[in-house]
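>>> Need coordinates for the below:
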Amino acid sequence: MKDLDLTLDYMENARFNYVYGTAVARMEASIFSTLEKLCISMIYHKFVLREGPRTRYMTVQQLSGFIRMMFKITDPRINHRIVKTISDDPNCVDPKFHPDRHCTLNSFIKMLAIYFSNDLDRRMRFAFSVYDEDGYGFMNRETVMRYIDAFFTGDDEDEIFEMRADMLELLFQKFDKDKDLLISFEEYCDTVRKQPELLEFLGTVFPSKNDLDVVGLCCNLHTH
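Next up, the predicted model:
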């Protein structure tokens, strides 16, 4: 195919087309076209090149920086959870790959597909998986409180403690339908379908439309 990036020489473009063209052809169906996936692959490839010519994968540090700088998701806990959720690729069998250190191309494209999707069910699954730190399919009061802690800061410890406690009770009244002191995925989805503005009730997971537009322009995602 025609060279996508004129900053790369002929040999590097040929190598990109061979490695990433084959990878894209093997990917499952996506909201992105083949050309869009190749353009995303070029962005991914540029990150990989920064780690040296023998590197195969984007690092989790690079992924975290991308999410922080491009998507403005700066909360350390949520940024870390997004990176961990995204970089866990069970389909990668390369012995050099480790999800605590790397992010595959497939995972990177899936992340962008989630962010550019308007499918509420898909967005709910992703947001809940980010909040659900233990992966149990539900969140207890301790898990929810860890996120609430970041909502309130100040010098008056008693006032801060009271506001955090009030927020915790308010959220469980809203989401915990069966009053078992747990917020299940089903309860979360039921509440968010009625009030979509509660999708990110424990902190920002998704970028703004303006930030998506910038990433879409950089990746040539014209149809999105």
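>>> use CA for all of it now, contacts and neighbours both
Noted.
>>> Now do the domain split for the protein, please.
Segmentation of the chain into domains, based on automatic domain parsing, reads 10-118+208-218, 121-198.
>>> I'd like these laid out as TSV, including mean neighbour count and mean pLDDT.
As requested, those are arranged in TSV below (neighbours: other CA atoms under 10 Å; pLDDT from 0 to 100):
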stretch	mean neighbour count	mean pLDDT
domain 10-118+208-218	16	90
domain 121-198	16	95
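>>> tell me which strands and helices the helix or strand containing residue 186 is in contact with?
For residue 186, the enclosing helix or strand under DSSP states H and E is helix 185-194. Counting contacts by 3 or more CA pairs under 8 Å, 6 or more residues apart in numbering; DSSP states H and E, helix 185-194 is packed against helix 120-131, helix 157-175.
>>> List of residues touching that helix?
The contact list for helix 185-194 (CA atoms under 8 Å, 6 or more residues apart in numbering) reads 121, 124, 128, 137-138, 174-177, 198-199.
>>> who's in contact with the spatially most central residue of the chain?
Against the mean C-alpha coordinate of the chain, by CA atoms, centre = their mean, the closest residue is residue 82 at 4.4 Å. Residue 82 sits next to 130, 205 when contact means CA under 8 Å, 6+ apart.
>>> Mind doing that once more with 7 Å?
Applying CA atoms under 7 Å, 6 or more residues apart in numbering, we find residue 82 in contact with residue 130.
>>> any idea how far it is from residue 44?
17 Å (CA to CA, to the nearest Å).
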